[in-house]
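Participant: Just the structure for this:
(2 chains)
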Amino acid sequence: MSAKKIKAQMRVFQEMESQLLMQADRVGVRDDFMPSRLKEMEYDSLKKHILSFYAERSNLEYEMQMFGVDKKEVLIKMEKLEVYIRRAERLRELYDKYFQKSSEKQNKDKSIIEKSISKNKISVSIGDD
Amino acid sequence: MTTDAASITSTLAQEKMYASQKALQQKQKEEEKTQSETSEHMSSVVWEASDNKDGTKTYKIGFQDVVYMSAISSSMAEDEIESLSRNKSLKFRERTIEVLKNKFIKLAMDSYSHNFFVSQLSKMGIGIVSFQMGLLGVSGIEIQGLLSDARRKKIEVIKTSLQQVASEKVLFGIVTGAKVV
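Facilitator: Residues are numbered from 1 along each chain as shown, chains lettered A, B, ... in the order given. Take a look at the predicted model:
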């Protein structure tokens, strides 16, 4: 697939997402679908896809060993599947990195906020004068 | 002579007129006959009446839901709906309420649409349908319940749609090798 087509397809995904988020905003549940939550959804579905790829691979291996199926055809399928598994694993690593980075950033922000709160403490003394 | 000729032509013309009127009346009568055989009319709503063995009558809407809905929302007068709602023996009253409730939920879900025109039009529809339901005896609390039902359903739809988009996106990334993170 050409880079142009990939970009166009990604724009379609973005548009669909933004439309759905607008609907969520109108219903009043926009906060339930923050960017981090959307990434989590993607990560969950990625894990599901990886599992199904592994299941398919084991099925193909079983077919090849137990039944007398066309080995060439199965091998081609296995090769394709291997490529997909490799890509999926790489994608999972990228998602892991993303989550690690975002959690680090959150911790940093948290510490900055805590520091600023401790600095701006207002002391009030109540007395006669 | 001239007067005679004039009278002859006038009587001929009159006869012709009578004949055409008669033919028209006959035609109308025949049409009415065929209509009364198949269905009964009540200005805008049409239903089929069938006699049961025990002597009772059951009424069945001969139209499709969509046609019936449009008939109800556009051409049915308020007093007709009121009279229908009073007549409890009519079988299609419950069916009408059911259809209206389903329509109401769909419209309420559409009112949260991202499209401005769709949301505005469905809000108008909600008003019309809730008014009609009120005439049919559906209480305000029930209508409120339907609204909250529609909201809950919409949230569920949004959630599943977002999950589907995420899944498609990831799969696209795997198949093409595109960067989706």
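
Participant: lowest-pLDDT helix or strand in chain B?
Facilitator: Within chain B, no helix or strand scores below strand B:40-42, which has a mean of 41 by mean pLDDT, DSSP states H and E.

Participant: count of neighbours near residue A:80?
Facilitator: Neighbours of residue A:80 under the rule other C-beta atoms under 10 Å in any protein chain shown: 11. C-beta: built from backbone N, CA, C; applies to glycine.

Participant: Any idea which residue is closest to the centre of chain A?
Facilitator: Nearest to the mean C-alpha position of chain A, by C-alpha atoms, centre = their mean, lies residue A:43 at 3.2 Å.

Participant: which SSE is that one in?
Facilitator: Applying DSSP states H and E as the criterion places residue A:43 in helix A:35-66.

Participant: Report the distance from the longest helix seen in chain A to the chain centre.
Facilitator: What stands out as the longest helix in chain A, according to DSSP state H, is helix A:71-119. Once both centres are worked out by C-alpha atoms, centre = their mean, to the nearest Å, helix A:71-119 turns out to sit 7 Å from its chain's centre.

Participant: helices or strands next to that helix in the packing?
Facilitator: If you count contacts as 3 or more C-beta pairs under 8 Å, 6 or more residues apart in numbering or on different chains; DSSP states H and E, helix A:71-119 packs onto helix A:35-66, helix B:140-176.

Participant: mind listing the strands for chain B?
Facilitator: Listed in chain order, the strands of chain B (DSSP state E) span B:40-42, B:45-51, B:57-61.

Participant: Can you name the residues of chain B sitting close to chain A?
Facilitator: The interface of chain B toward chain A, taken as C-beta under 8 Å from any C-beta of the partner chain, is made up of B:112-114, B:119, B:151, B:154-155, B:158, B:161-163, B:165-178, B:180-181.

Participant: Now the buried members of those residues.
Facilitator: B:112-113, B:151, B:154-155, B:158, B:161-162, B:165-167, B:169-174, B:176-178, B:180-181 (16 or more other C-beta atoms under 10 Å in any protein chain shown).

Participant: sorry, back to before: comparing the helices and strands packed on helix A:71-119, which comes out most buried?
Facilitator: Highest mean neighbour count of the helices and strands packed on helix A:71-119: helix B:140-176, a mean of 17 (counted as mean count of other C-beta atoms under 10 Å in any protein chain shown).

Participant: and that helix, what does it pack onto?
Facilitator: Partner elements for helix B:140-176 (3+ C-beta pairs under 8 Å, 6+ apart): helix A:3-27, helix A:35-66, helix A:71-119, helix B:92-110, helix B:116-135.

Participant: For those helices, could you give me CSV that also reports distance to residue B:19 and mean pLDDT?
Facilitator: Converted to CSV, the helices and strands packed on helix B:140-176 look like this (distance: least, C-beta to C-beta, whole Å; pLDDT from 0 to 100):
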stretch, distance to residue B:19, mean pLDDT
helix A:3-27, 67, 94
helix A:35-66, 80, 92
helix A:71-119, 85, 90
helix B:92-110, 44, 86
helix B:116-135, 48, 90
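
Participant: Name the stretch from these that approaches residue A:126 most closely.
Facilitator: Among the helices and strands packed on helix B:140-176, the nearest to residue A:126 by C-beta to C-beta is helix A:71-119 (22.3 Å).
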